[in-house]
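Based on what follows, work out the 3D shape:
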Amino acid sequence: MQLPNGKKVYFSSDNHLGAPTKEASKVREAIFVKWLDEIKEDAAAIFLLGDLFDFWFEYKHAVPKGFVRVLGKLAEIKDSGIPIYFFVGNHDLWMENYFEEELNIPTFRKPQEFEFNQKTFLIGHGDGLGPGDKGYKRMKKVFTNPFSKWLYRWLHPDIGVPLAQYFSVKNKLISGDDDAKFLGEDNEWLVQYCKRKLETKHYDYFLFGHRHLPMEIKLKEDSKYINTGDWINFYTYAEFDGNELYLKKHPVNG
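So this is what the prediction gives:
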């Protein structure tokens, strides 16, 4: 895509709407919707890099209650002609075709390559990539197994949804506690993943979420990794203006 003059591409991740409480989530949802309203004026495309919800499960005839404001805003923006791309995160693993059918928003489960103004991007959520984290990788195989999803679907939504939300919020990182800390380049799995990818192909930018930490790391002179942070503690996002990619913070007040 060649961006028209004055247009930008926006990237955000890890809203975890629904956590840690419905009341706290609505406050953060309103901030995010306000941001979407602001960026729609000059957005050429919007990328949501996963974990928009703290829990999401699609039954055959039902989806989790709530999130009307953000879903309505996404529908409005998409209907106006602005492309939106959604990457499934580890908390919305059980997303099926709701976004594609109801909002006309394509969803991806693996990192995807994009090109804007002759700059190459590799974009994804970031979970399960790179070395290590073997426990999570095993767990992800179980949760994404069709039989596991079939079994869970037999739980009535009045039981299945609050049960999953309870266990999800129990994770301190997701509920917003300050457990996410920079581990150093040698120990950040996504940094290692990016460096390995560069051994076989050049990318100008790598964009991921999942870590809940805004990060901007130069991998090579002409290659950079950016983590978009979250909308729990940092309210950060990335913005590509056609020439450079910037990590920015949305003001919580005002």
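
Averaged over its residues, which helix or strand of this protein has the lowest pLDDT?
When each helix and strand of the chain is scored by mean pLDDT, DSSP states H and E, helix 134-143 comes last, with a mean of 60.

could you pull out the strands for the stretch 151-254 of the chain?
Remark: strands assigned in the stretch 151-254 of the chain by DSSP state E, counting those that start in this stretch are 205-208, 214-220, 223-228, 236-240, 245-249.

winner for burial among those?
By mean neighbour count, with neighbours taken as mean count of other CB atoms under 10 Å, strand 205-208 ranks first of the strands of the stretch 151-254 of the chain at a mean of 25. Where C-beta positions appear, they are placed from N, C-alpha and C, glycine not excepted.

Now the longest helix along the chain - C-alpha only, CSV.
Criterion DSSP state H: the longest helix present in the chain is helix 22-39. Output of helix 22-39 as CSV, limited to C-alpha atoms (Å, rounded to 0.1, in the frame of the first residue of the first chain):
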residue,chain,number,x,y,z
LYS,A,22,-16.6,-4.4,34.4
GLU,A,23,-16.6,-0.9,35.9
ALA,A,24,-12.8,-0.4,35.4
SER,A,25,-13.0,-1.9,31.9
LYS,A,26,-15.7,0.6,30.8
VAL,A,27,-13.4,3.5,31.7
ARG,A,28,-10.6,2.1,29.6
GLU,A,29,-13.0,1.2,26.8
ALA,A,30,-14.1,4.8,26.7
ILE,A,31,-10.5,6.0,26.4
PHE,A,32,-9.8,3.6,23.6
VAL,A,33,-13.0,4.6,21.7
LYS,A,34,-12.0,8.2,22.0
TRP,A,35,-8.6,7.3,20.5
LEU,A,36,-10.3,5.5,17.6
ASP,A,37,-12.5,8.6,17.0
GLU,A,38,-9.4,10.7,16.8
ILE,A,39,-7.3,8.6,14.5
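
For that helix, list every residue counted as buried.
25, 28-29, 31-33, 35-36, 39 (16 or more other CB atoms under 10 Å).

Please enumerate residues in contact with it?
Contacts with helix 22-39, where a contact means CB atoms under 8 Å, 6 or more residues apart in numbering, come from 8, 10, 12, 15-19, 46, 54, 66-67, 69-70, 73-74, 77, 231-232, 235, 237, 250, 252.

any idea which helix or strand comes after it?
Per DSSP states H and E, the first helix or strand lying C-terminal to helix 22-39 is strand 43-48.

Who does that following strand pair with, and is each partner parallel or antiparallel?
Using DSSP bridges, strand 43-48 pairs in its sheet with strand 8-12 (parallel), strand 84-87 (parallel).

could you check the angle strand 245-249 makes with the first one?
Computed with axes from the mean of the first three to the mean of the last three CA atoms, to 10 degrees, the direction of strand 8-12 lies at 50 degrees from that of strand 245-249.

related to what we said a few turns ago, would you turn the strands paired with strand 43-48 into a markdown table with distance to M1?
A markdown table is the format used below for these (distance: least, CB to CB, whole Å):
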| stretch | distance to M1 |
| --- | --- |
| strand 8-12 | 8 |
| strand 84-87 | 12 |
